[in-house]
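> Got a sequence here, can you model it:
(chains A and B)
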Amino acid sequence: MRDSVEELLAEEEAEINLTPMLDVVFIMLIFFIVTAVFVKEPGIQVDRPEAVTAMVPERGAIFIAVSAANEFWIDQRSVDMAGLKPVIERLHAENPEGGVVIQADNEAQNEFVLAAMDAAKEAGVNDVTLAAVVP
Amino acid sequence: MRKHIANIKLDEEENEINLTPMLDVVFIMLIFFIVTASFLRESGLDTNRPDQDQPQVLQDEEGAILVIIDETDDIWIDSRIVDPRAVRANIERLHAEDPERPVVIQTARTSRAETLVTVMDASRQADVYNISIASAE
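Next comes the predicted model:
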């Protein structure tokens, strides 16, 4: 009988205080919510050109891929040249802080790369970056 | 008196909120945000595209270092074809003559994006960050 009372006491003692863990978890949660940028990925992988001086832009949110076959890809969908501007405008309205990153394939023609730049500019995005990888 | 104190102590223990369900919810939210957080870091080069409406002053030799990329991906500086590896040295030389001059890249429609990035990179390596991109007529 006496043993069982001691056991009960021991069980209560063994309960862990969860409050510090909860604090940590909350801080992590807030960190991830704040840093979550809802990036619009283009949906295809392109073979990017190399550049020694490439830098990471502060806020790239809209990614436009120009494939080797000169197709535009935004937000997991293929877009034609005329549809480029409305799509960028819509995505820019969702996230006005973010800039445009153009991921041009090595083999893409510059006519289409420049068309993507113009579309971004017409849509009101001044922060346009041409993607490149540091070799 | 002793009974009274015991009651208060019991009450205090009763008042403690059970945090476990909230902890469950918070954990699930945390996992959701960790999973959806895409640490997509794309490196690249800043671009500067002049307005289409503005009259183009690219032909002005005094104003800018003009680099032309033609249809066959040849790079022309000062009416000479330049090897892609020599673009940096050429721009450095012109930049040293007049450090105020920006670089204007005039690219043919059918040239490849790789050549454009090569020229932009060479210009940035030569310390000229003021790069405009124009398309040939």
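> contacting residues for the residue nearest the centre of chain B?
Computing the C-alpha centroid of chain B and ranking residues by CA atoms, centre = their mean puts residue B:44 first, at 4.3 Å. Listed by CB atoms under 8 Å, 6 or more residues apart in numbering or on different chains, the contact partners of residue B:44 are A:54-57, A:60, A:101-102, A:129-132. C-beta coordinates here come from the backbone N, C-alpha and C atoms, glycine included.
> which one of the residues you listed is nearest residue B:65?
residue A:130 (18.9 Å; CB to CB).
> That closest one: helix or strand, and which one exactly?
Element membership of residue A:130, judged by DSSP states H and E, is strand A:128-131.
> and that strand, what does it pack onto?
Applying 3 or more CB pairs under 8 Å, 6 or more residues apart in numbering or on different chains; DSSP states H and E, one finds that strand A:128-131 makes contact with strand A:99-104, helix A:110-122, strand B:44-46, helix B:113-125.
> what stretches of the chain score poorly on pLDDT?
With no chain named, the answer covers chain A. Chain A contains residues with pLDDT under 70 at A:1-13, A:36-40.
> meant chain B, my bad for not saying
B:1-14, B:37-41, B:51-62, B:137.
> Enumerate the strands of it by residue range, in sequence order.
B:44-46, B:65-69, B:75-77, B:80-82, B:103-107, B:131-135 (DSSP state E).
> Chain A too?
In chain A, the strands defined using DSSP E lie at A:60-66, A:72-74, A:77-79, A:99-104, A:128-131.
> which one of the ones you listed is the most hemmed in?
strand A:99-104 (a mean of 27; mean count of other CB atoms under 10 Å in any protein chain shown).
> I'd like to check the angle between it and helix A:110-122, please.
If you take axes from the mean of the first three to the mean of the last three CA atoms, to 10 degrees, strand A:99-104 sits at 170 degrees to helix A:110-122.
> between strand A:99-104 and strand A:60-66, how big is the angle?
Using the same axes, to 10 degrees, strand A:99-104 lies at 20 degrees relative to strand A:60-66.
> Mind giving me the packing neighbours of strand A:99-104?
Packing partners of strand A:99-104 (3+ CB pairs under 8 Å, 6+ apart): strand A:60-66, helix A:110-122, strand A:128-131, helix B:113-125.
> quick check, distance from the shortest one to the centre of its chain.
So that's strand A:128-131. With CA atoms, centre = their mean, to the nearest Å as the basis, strand A:128-131 stands 14 Å off its chain's centre.
> With the last one instead?
With CA atoms, centre = their mean as the basis, the distance from the averaged C-alpha position of helix B:113-125 to the chain average is 14 Å.
> Next: the first one.
The chain centroid and the centroid of strand A:60-66 are separated by 10 Å, computed with CA atoms, centre = their mean.
> Can I get the longest helix seen in chain A in CSV, CA atoms only?
Counting by DSSP state H, the longest helix found in chain A is helix A:19-35. Provided in CSV are the C-alpha atoms of helix A:19-35 (Å, rounded to 0.1, in the frame of the first residue of the first chain):
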residue,chain,number,x,y,z
THR,A,19,6.4,25.1,-21.5
PRO,A,20,10.0,25.8,-22.6
MET,A,21,9.5,23.4,-25.5
LEU,A,22,6.3,25.2,-26.4
ASP,A,23,8.2,28.5,-26.4
VAL,A,24,10.8,27.1,-28.8
VAL,A,25,8.2,25.6,-31.1
PHE,A,26,6.3,28.8,-31.2
ILE,A,27,9.4,30.8,-32.1
MET,A,28,10.2,28.3,-34.8
LEU,A,29,6.6,28.5,-36.1
ILE,A,30,6.7,32.3,-36.2
PHE,A,31,10.1,32.2,-38.0
PHE,A,32,8.8,29.8,-40.7
ILE,A,33,5.6,31.8,-41.2
VAL,A,34,7.6,35.1,-41.5
THR,A,35,10.2,33.7,-43.9
